[in-house]
Each structure stands twice: as structure tokens, then as C-alpha cells.
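Participant: need the 3D shape of this:
(chains A and B)
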Amino acid sequence: MKRVIELTINGSAYDVVISPQDLLIDVLRQKLDLTGTKKGCGQGDCGTCTVLIDGRRALACLTLAIACEGRRILTIEGMEKRGVLHPIQQAFIDKGAVQCGYCTPGMVMSAKALLDENPAPTEHEIKLGISGNLCRCTGYVKIVDAVRDAAGRLQAGADSGKGA
Amino acid sequence: MSLPPFEYLAPGSTAELAGLLAAHRERCRILAGGTDLVNWMAEKIYRPDYVIDLRRLQLAGITYEKGRGLTIGAAATIESLERSPVIREFYYALVQAAGQIGSPQIRAMATIGGNCCNASPCADMPPPLITLEARVALTSARGSREVPLEEFITGNRQTAIAPDEFLEYVRVPDPWPHSACRYSPFGLRAAQEIDIASVAVNVALDPATGLFAKARIAMGAVAPFAMRALKAEASLVGNAPSGETIDQAALVCSRECRPIDDLRASASYRRHIVGVLARRMLRDAVAAITG
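Facilitator: The predicted structure follows:
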């Protein structure tokens, strides 16, 4: 039976008509036109559909949209602020961490979850942080470089923020 | 990929949950993290009429109380176990197991209740929980009962849960005095891996004599469910924690397990790995006790 629920995505409230069996990934992409989040394997292995729900990593392909009422969803579209890319996104571009780009939204969201709780990760911690995201192009080296670079940018931003 | 239709229910109390289970029984499935259930519904393995979500219940707590031990709510995520200071201090094997499951995303979603109830032969939580004498609380409108996890899991993806029951919490007694527990899985990759074999050990030394006073060993992915290595355990108790005793027990483990050949590994390779893991984990546990 269809019903209307309210989803909070990237700080905005959306009323959306859904069926109980609708998956978050399909609601994001098909009903709300938030196509930044990609659908890959559809069974929780590849990580490209990673979003943050209440600040924690979640796989949108294994999440019922109806179970997200009252929770805060952050997708790749919510990373940029007023036309300025998030430092993680900019680091991915500057370090050449994007090839075909299909894994990138999930990689960026995993990097965000990692750096939110561990602002200065070691290389090993970065690899663990993105271990749920598959990339078939890059060999991961430049992605790890980008996350390390983003950590530095975010720390520098936090330090200058304190001084101001 | 789409799911077959169902009615979604999110009860606000465990009494309401018990009432829904009593009313709908086999026609419903419980949703916790969803990492298994959603896949199984997508594959049409399950076509429930009702999906009952635990999200509004307060079932994710982790508490420790001396005398009662550790209580882990069924909906506690694997990530929350991995990060729990009290589990790290007293039940380290559970941290080792939790940290090996799936990926960071899966660990943030998947729950201890799901890992026990779905009863995969290669699940990571049951082997260490069984060595720690964990019990599961099964609750229904009829009341609540505690069952040893070892008896709860009865086969490959089979448990002793009744259609009107839900797993409310997992309880682990206080650690044995002068004991340590350790767990190691073995697979071909460091993440997103299904185990070839795993071994959990929990051993206590007699502080006066230094001999093994108690021992529990459980092996995963080498039988339809996590199985105790009873002969290997018996070979330890009363003996000194020497390399010789440990090597012998490890050999007994590799003989006691009942692995199969499949696409991940041959049975003979699994036996070999069980012996290696048992030796390593016993050495690690003894070293942790004797410091």
C-alpha cells in the first residue's frame, strides 16, 4: 500500500510517495532525481551506493526508504556548499582519484565518515575506511592519496577556523 | 532488483512486537540491519507478508555489570561491538570477530541479533560467543527464556527460535578468572570476505599451578554451525600451557572439525588452517594471561 513519508536529505525535507518495499537507492535516484548516488551490485558488496544516515555509513541498496523516516540522510549532492566543492571532492579531483567515476560518490561518502571520526588517519586506517568500496579502475593508490590530502585540507581549515 | 510487496510494521514496544509475532507468526520476518534480509527478499528466498522493523525499540544497548556479565541488545550493530570499551577490555575475541565482518558499511548496519539468528555456518560472532558461554534471550507473548547459543543454532541457517519469538538480547557471563579469549578468521582477502575457517578460544589458567583450568574452543565454517572442539578442550585441561600441549590440541582440532570441499577451499586445506589458527589463538590467549 502506497503512503506518503517525509525524508530529510541533505538538510531538506521531501514528501515522497512510496511503497514499503521501495529501496532508498531507487527512491533517491528515481523519485527525487538525486542521481549522484550510484547503484552498483545491488547487494551490498560494492559500496557505490554508500550514503550517511544519522552520520553513519549505510548502503542505500539494502535500506528500506520507509525505515528512514525521521533520520538525516546525507548524499554526495549534500557535500558541496553554495557551489564550492567539499575538500574531499576537491582532493579527489586534484589527486586524479577519479577515472570512470562510478565508485567516486561512495568513496567520497566513506572518506567523509572516516574523516569525521578520525581526522588524521594513517594509510592503513584510510585503506580500512574505504575497504567497503570497490574501484576497478584506479588500483586505489590515488584514492588513498586523495583521502590523505583531504585530511590535511580539513585539518588546515579547522586550524584557520580556530584562529579567526 | 526490486523486492516483493509486504506490509511494513515498526512496533514501539517489545510487548507490541510480541503481539505482532503471535498474530502473524511465519507470515512475518524481523528487520534489524537488513544486510541479509533485504538480499534474501530480493532473491525471493523470503516473501513475508509483514516486515517488522526493530528500529523504534530500545534494543541496541551494550551493558556490563559484574556478576551478571555483558548484555548486548539484539539490535546492537557490529560496529558498536567493535568500538565498545567494555567488550575490548573483557571480551577481546568479540572485538576481533566484529572487526572482521564484511565492510565498514556492513558493520554499521548489521546486528548481533541478525548474525546469530541467520545462523550462517561461517558467521563470525557465534564461535567466540560460544567459547564465552553466551546465552540468547528469546522473548514472546508467552514469556522469555534464555538458551545457550550453542543449542540455539541447530544447523545451517537453522535455529531453535519459535515463530512467535524474537531474540531480545545476548548475554555473556563474567569472564573466567585468569582467562583470555581470542578469535581469528582466515580468508583470501582482508575485507569483504567469507571465511574459509575460523577458530575462537577461551582459556583460563590456575593461578596456583599455572596449568590450564578451563578451555573452550569453537571452530567456524568447518561444520554446518560453529562447533566445539571438545576433545581438544579436554586435552588442554590439567596440562601446562606449553608449546607441546598447544601443538597437540591444535592437531586434535584439525581432526575434530568436519569441513567440506567447496569453491572457497578444500576440506583438507580447511583442516590444516584450523590447526594453524588454533595454535596461534591458544598461544595468543596464554600470552595475554601470563603477560
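Participant: C-alpha from now on. contacts and neighbour counts both.
Facilitator: Fine.
Participant: ok, the one residue in the stretch 151-291 of chain B that gets nearest to chain A - contacts?
Facilitator: Closest to chain A within the stretch 151-291 of chain B is B:Ala191: 6.2 Å, counting by CA to the nearest CA. Contacts for B:Ala191 (CA atoms under 8 Å, 6 or more residues apart in numbering or on different chains) come out as A:131-132, B:100-103.
Participant: residue nearest the centroid of the chain?
Facilitator: If you meant another chain, say so; for now it's chain A. A:Met109 (2.4 Å; CA atoms, centre = their mean).
Participant: meant chain B actually
Facilitator: Taking CA atoms, centre = their mean, chain B has its central residue at B:Pro126, 1.9 Å away.
Participant: I'd guessed that one sits against B:Asn118; true?
Facilitator: No. Using CA atoms under 8 Å, B:Pro126 is not in contact with B:Asn118; the gap is 10.7 Å.
Participant: let me see the ranges of the helices in the chain.
Facilitator: No chain was given, so I picked chain A. A:24-26, A:87-94, A:104-117, A:123-129, A:141-163 (DSSP state H).
Participant: please go with chain B instead
Facilitator: Under DSSP H, chain B gives helices at B:14-24, B:37-42, B:78-82, B:85-90, B:92-98, B:104-109, B:112-117, B:126-131, B:149-152, B:230-236, B:243-256, B:267-290.
Participant: on the pLDDT front, check the residue of the stretch 151-291 of chain B closest to chain A for me.
Facilitator: What the model reports for B:Ala191 is a pLDDT of 77.
Participant: repeat that for B:Arg279.
Facilitator: B:Arg279 is given a pLDDT of 98.
Participant: find the nearest non-adjacent residue to it, please.
Facilitator: B:Ala250 (5.2 Å; CA to CA, 6 or more residues apart in numbering or on different chains).
Participant: what's the answer for B:Ser13, then?
Facilitator: B:Leu57 (5.9 Å).
Participant: need the contact list for the one you found.
Facilitator: So B:Leu57 contacts B:11-14 (CA under 8 Å, 6+ apart).
Participant: pull up the distance across stretch B:171-189, start to finish.
Facilitator: Criterion CA to CA, to the nearest Å; first-to-last residue distance in stretch B:171-189 is 31 Å.
Participant: may I see the buried residues of it?
Facilitator: Buried residues in stretch B:171-189, defined by neighbour count with 16 or more other CA atoms under 10 Å in any protein chain shown: B:171-176, B:178-187.
Participant: whatever residue of chain A ends up closest to chain B and B:Asp195: what is the separation?
Facilitator: With CA to the nearest CA as the measure, A:Gly132 is the residue of chain A nearest to chain B, at 4.6 Å. Using CA to CA, one obtains 16 Å as the distance from A:Gly132 to B:Asp195.
Participant: of these two, who's got more company?
Facilitator: The neighbour comparison of A:Gly132 against B:Asp195 (other CA atoms under 10 Å in any protein chain shown) goes to A:Gly132, with 26 against 23.
Participant: so who does the residue nearest to the more buried one when sequence neighbours are not counted touch?
Facilitator: In space, and not counting its chain neighbours, A:Gly132 is closest to B:Ser103: 4.6 Å by CA to CA, 6+ apart. B:Ser103 is in contact with A:131-132, B:191-192, counting by CA under 8 Å, 6+ apart.
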